[in-house]
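Engineer: One predicted model, sequence on top.
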Amino acid sequence: MYPHRIRLRGPWDQELLPSGDGRSRFRRRFGSPSRLDDYERLWLTFANIEGDVSVWLNGQLLGRQENATNAFEYEVTTLLRPRNEVVIETGEESSGDVAMQIRRTAFLRSVSVRVERSADVTRLHISSEVAGTAERPLELYVVLDRSTVAYAVAEAAPEGRMFTLSSEDLPPERCQAGPHVVRVDLVDGANVWYTVEQALDFSAPP
């Protein structure tokens, strides 16, 4: 099941930059996955890094994030070598949460799940993007705990194609207080291409 996530834990080598503004350069070496299939792509993902951030891989600038507050990512499939070095320049005191993700050619991005209440009716509202490429439309399943509550067909686009859908009406016994798990699956035939899980509490304010 995708994505396969490999966290790049410490130790990171830290070098304080001579600019005097508290910025640092963090370095981490890592090996590539032993094998990627033709339908797989490798991404580097970054989270919990704020401010102005620059990222290099094997000496090549991947990009700069100004006033970063959210997670960001880069596809690096064609840039990988047997041994690699990622460099992060930031004003933060750590390198944040960095990971490799192996994905299929299409995947979900920016998944949002919220509870909608109208009169006595409760539903889930789901929005996301299907990014990347696929030879045919893909299926979307929304699973609350262990039961499917919404279904749609969606097409991928390299820049991301937005979709929204609402679940079926949820009976009161499905909306009890306490933790629930919502899973959104992007599926091609019998193959799950991407899965996102989120915790949900119906007692929380909307």
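Structural biologist: It's in.
Engineer: contacts and neighbour counts: CA atoms only from here.
Structural biologist: Fine.
Engineer: can you list the weak-confidence ranges in this structure?
Structural biologist: Counting by pLDDT under 70, the ranges of the chain that qualify are 205-206.
Engineer: How is it divided into domains?
Structural biologist: 4-104, 106-201 (automatic domain parsing).
Engineer: Kindly reformat those domains as TSV containing mean neighbour count.
Structural biologist: Shown next, in TSV, are the domains of the chain (neighbours: other CA atoms under 10 Å):
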stretch	mean neighbour count
domain 4-104	15
domain 106-201	16
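Engineer: doesn't residue 16 make contact with residue 25?
Structural biologist: Yes - counting by CA atoms under 8 Å, residue 25 does reach residue 16; the two are 6.4 Å apart.
Engineer: beta partners of residue 198?
Structural biologist: residue 182 (DSSP bridges).
Engineer: Contacts made by the helix or strand hosting residue 130 with the rest, please.
Structural biologist: Assigned by DSSP states H and E, residue 130 belongs to strand 121-132. The contact list for strand 121-132 (CA atoms under 8 Å, 6 or more residues apart in numbering) reads 105-117, 154-171, 175.
Engineer: Contacts only, for the one residue sitting closest to the centre of the chain.
Structural biologist: When CA atoms, centre = their mean is applied to the chain, the residue found nearest the centroid is residue 109 (5.9 Å). Counting by CA under 8 Å, 6+ apart, residue 109 touches 128-131, 160.
Engineer: of the residues you listed, closest to residue 84?
Structural biologist: residue 131 (26.1 Å; CA to CA).
Engineer: For the closest one, which non-adjacent residue is closest in space?
Structural biologist: Nearest residue to residue 131 in three dimensions, chain neighbours excluded: residue 160, at 3.9 Å (CA to CA, 6 or more residues apart in numbering).
Engineer: mind checking how far that neighbour is from residue 88?
Structural biologist: 26 Å (CA to CA, to the nearest Å).
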